[in-house]
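J.: kindly return the folded structure for what I paste below:
(chains A, B and C)
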Amino acid sequence: MRNLGRNILLFAASAVFLVYVLAPVAWLVSSSVQQESEITSRPPQWIPRQPTLENFRAIFEAEEKQVTYETRRQGDPATGGFIPSTARDLVPAMWNSLIVAVAVVVLNLLVGVPAAYAMAKIRFIGRSSSIYFMLSTRVIPDIALVVPFFLFIHKLGLLDHLGSLIITYLAITIPFTVFILVSYFESLPDELDKAARVDGCSRLQTLLRVYVPLATPSLVAVVLFTFLTSWNEFLLALMFTQTPASQTMPIVVAAFTSDFTISFSFINAAGVIAVIPPVVLAVVFERYIVSGLTAGAVKG
Amino acid sequence: MARITLNSVGKRYPNGFAALEDLSLAIADKEFLVLLGPSGCGKSTTLNLIAGLEDVTAGSLYFDDVLMNVVPAHRRDVAMVFQSYALYPHKSVYENIAFGLRMRGHPRAEIESRVKDAARRLEIEPLLERRPHQLSGGQRQRVALGRALVRQPAAFLMDEPLSNLDAALRIAMRAEIKQLHHTMRTTFVYVTHDQAEALTLADRIVVMREGVIQQIGSPEEIYDRPRNTFVASFLGNPPINYLEGALAGDGAGMRFERGALRLALPPALAQPLRGQAGRPVRLGLRAEDVDERRAPRAGETLQGRVFSVMPVGSDQYLGLESEGTQLFFRVGRDVRHREGDNVALSVNTNRVQVFDPSSGASLLWQ
Amino acid sequence: MSARIGALPGAFRAAPVSRYDQAAAMWLLAPMLVVLLAVAVFPVLYSFWVSLFDLKLTRPHRVPFVWFENYATVFQDPLFWSSVWRTTWFTLMSVTAILVIALLIAILLNEEFPGRRFLSAMLLVPWAIPYVANGLMWKWIYDSGYGALNGLLLQLDFIDKYMFWLGDPDKTLALIANAFVWKEVPLAAILLLVGLKSIPADLYSAARVDGANLWRRFVHITLPGLRPAFMLVMIYETMMAIRHFDLFFILTEGGPAEASHVLAWQVYVETFRKLSFGTGSALAYIMALVTFLLAFWLIRMLGRKL
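T.: Numbering: from 1, shown residues only, chains lettered A, B, ... in the order given. The predicted structure is shown next:
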């Protein structure tokens, strides 16, 4: 009977936290499919009676329909009628975000994995200094990077270029990547290293043939973290992108929120679209996040 | 096929700790050399230096007169078996064994035949497609051996490979390793802290303590003619008994005295001790060097009171209190004594050891 | 046993670390060092350099060298000090809330019960969504015209008419903190959960045998065992809160009337609205320095207790 009481308590607590975590997002989704009449009701319509996917259609079709001052009232009256001219920027912006994120992930792996292996498994002069150095670079707030980067990139003429984002994102992702990888590598047995070297592997070969295959959970975690950090990053993207050519998704979405002529459901729809890719990734790879953060135990 | 030579080798870590200091050792081609000692004595460090897993910080290391100090591990022709086997968890048994050959660029057909051959020899052929985590400890051990075997290296290095096995398996594997050495006809360098293992397997034993070699010799030499108390204590089970006392007499009448105890030293032993009557010494008496069945004679008798009787299967360990100290002897199962009995044991005085009490150095063998 | 053997020479001077290993390590480490030096170290140094100039993009041709005048300007600006105060308040509020809520969730997730996996997967949703979307979402919830907060409170009779939440200077920081906390709690909870799981089960068994009840076990085993993870989360979230920018941009743009004008916002305004790069740099540099020292101090002070 104590078990029943315990389970009830646990379920109740879970319910509370589940509501805490999901309710705002549920409201976001609900709002995104509401028609204008419902969304402007007081009190709000918690569950829409007449949901519409009009907003989503508008976003994806916005590229084809050239929206001008005259035509911006073309939107479905059900959703308020106003489609911002910047609507068509959302999908391309997501592409930009994707390109940047993938590039940053790849570079993180190329740079971070060898460095992490060296710091975890090789005893060399300067090892602890390297570790402190790497950790201390993460303490610097992004704000402090903004001005120097801006001036520098401006000078190089890269201001509206995705490359500028890729480079600056490396500064905020690499330390964390290396940190995760180092602690995971350290948890893998040292003797595998010795066996591989006696078997004829150079350090690099040991890394590639023995340790990388064994580090899959933490590699997945690293890819996930780096991708999300990149995808979600706002401040630096705000600084360095000026036209839709290079704007990433957060910038475009932010522009929507400050535009008072847009219907609320449209903004929420944009929010939903922005949210889906990272959430799907996170939920799908959930178990790697925890195991990648902790040092895993490897048998064998 | 290699001779391995260490000349004044030292290993000092960046934090200042010196694991080895001025160590010189010549390992002959094809011999089975055992590095024996307690943990921390530097035996594994020595093995790592030979393998190239760590670098020599002083002195020189040679394989067949070729200086190896700066040659990294992956370019040395040695194979190693680790205490925890260190099998690659993500590779099959076949892949584990083949890995070393693959890294050295041998053709696929050759690799396959060599791997199958080694697997057959170690009786692990049916396991070739399995992963390490599906194997028992003994099977993993064989795979680790197979991985080393298949390389046909100049030298085999083994770092306490049997420590993780249970007792019965350990004895069986010892025999197999000895057999392997016989068939492979290659240099074996074997590290262990188990003195029984060393005595069984070695052509020569190197006893080490805190980075310094105590003695090098055949198992018989080390056991019968230890150079100091450390070596004498380390080998033998139960450990050697010590009695502090003094030398007395001279020539044919030379003897060891402690309280009422008088042990006559045979001429062969008395020879190096000539003219040292009165010198305080430490007598070493191994647990098996008493004979219960022989009638005790003067100058060969040890008297005492039994304080413990521990049967251990085929023998008994008898705890004897004599002349103020506690001694342990191994006697036959049929010997019947009880606690509190006073006994007189006949001592095999040909096999006693005599040491200097302060330095521990043997006065008989140097 | 130290005789020289044969005719082979004995002396050989070598480094305490393998030559090969040292070289291999350097090669493996080089890309990271180069990248970090270029994108993390260099900008910080450069920003210090810039802060010594009176660089205003409004008049880019005249850039006098002014030593530490920019810093003086910053320190004499009352807005700077009020920003510091607001940032501190925001940080304290947020970090406390995060730690409390995350601890509760972590304790819950440490128990085995059906549906636990579902909860922990759902927990990742706030963490995964971008801050922009987070801001958008809460802005809509807080909306004065049609927002959910208003609606809910009205339906529950806590208020009698819709309120302009984000326009109330007393409530702004708290509202933003709420959004911030909501998004940061998952990661904190996971880190604390990892810490909880690392406490050996044997300790609990021994305590039970010793007669300790649930509360006692919590106080004497769980809390001490959780200390390293707790410290980590506290330090990390403090760093995150101090430098946070995104929500302030989306929700209030520093308003109303500077109610949410925090340090990060100050840097943005100074640099990109007033286009005064000199003072902006100085400000950013001060922030960086303070953050760095704070991290250092926190680690030292809390680390010593480990």
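J.: when you work out contacts or count neighbours from here on, use the C-alpha atoms and nothing else.
T.: OK.
J.: quick one: mean pLDDT over the lengthiest helix in chain C.
T.: When chain C is parsed with DSSP state H, its longest helix is helix C:78-110. For helix C:78-110, mean pLDDT is 91.
J.: for the helix or strand just after that helix, name the packing helices and strands.
T.: With elements assigned by DSSP states H and E, the helix or strand that comes after helix C:78-110 is helix C:116-128. When contacts are defined as 3 or more C-alpha pairs under 8 Å, 6 or more residues apart in numbering or on different chains; DSSP states H and E, helix C:116-128 sits against helix A:2-32, helix A:264-284, helix C:169-197.
J.: mind putting those in TSV, mean pLDDT included?
T.: Shown next, in TSV, are the helices and strands packed on helix C:116-128 (pLDDT from 0 to 100):
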stretch	mean pLDDT
helix A:2-32	85
helix A:264-284	85
helix C:169-197	89
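J.: dump those to TSV, plus mean neighbour count.
T.: Listed next are the helices and strands packed on helix C:116-128 as TSV, based on neighbours: other C-alpha atoms under 10 Å in any protein chain shown:
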stretch	mean neighbour count
helix A:2-32	16
helix A:264-284	22
helix C:169-197	22
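J.: and C:D160, how many residues sit next to it?
T.: Neighbour count for C:D160, taken as other C-alpha atoms under 10 Å in any protein chain shown: 11.
J.: kindly report the same for C:R227.
T.: 18.
J.: for C:V63, same thing?
T.: 13.
J.: any idea whether it is helix, strand or coil?
T.: Look at C:V63: counting by DSSP: H, G, I helix; E, B strand; the rest coil, its state is coil.
J.: hang on, it packs against C:L55?
T.: Yes: if you go by C-alpha atoms under 8 Å, C:V63 and C:L55 touch, sitting 5.3 Å apart.
J.: now the stretch 251-366 of chain B against chain C: closest residue?
T.: B:Q366 (11.4 Å; C-alpha to the nearest C-alpha).
J.: show the pLDDT at that residue.
T.: So B:Q366 comes in at 81 (pLDDT).
J.: how is it assigned, secondary-structure-wise?
T.: coil.
J.: OK, contacts around the residue nearest to it when sequence neighbours are not counted?
T.: In this structure, B:Q366 finds its nearest non-sequential neighbour in B:R227, 5.8 Å apart by C-alpha to C-alpha, 6 or more residues apart in numbering or on different chains. For B:R227, the contacting residues are B:Q214, B:Q215, B:A361, B:S362, B:W365, B:Q366, by C-alpha atoms under 8 Å, 6 or more residues apart in numbering or on different chains.
J.: the closest residue in space to the third one that isn't next to it in sequence: neighbour count?
T.: Same thing as B:A361. Using C-alpha to C-alpha, 6+ apart and skipping the chain neighbours, the partner closest in space to B:A361 is B:N228 (4.2 Å). By the criterion of other C-alpha under 10 Å, B:N228 has 22 neighbours.
J.: how about the one 5 residues further on?
T.: Other residues near B:S233 number 18, with proximity taken as other C-alpha under 10 Å.
J.: can I assume it is in contact with B:I240?
T.: Yes: using C-alpha under 8 Å, B:S233 is in contact with B:I240, at 5.5 Å.
J.: contacts only, for the residue most central in space within chain A.
T.: The residue lying closest to the centre of chain A (C-alpha atoms, centre = their mean) is A:L228, at 1.7 Å. Shown in contact with A:L228 (C-alpha under 8 Å, 6+ apart): A:A101, A:P278, C:A128.
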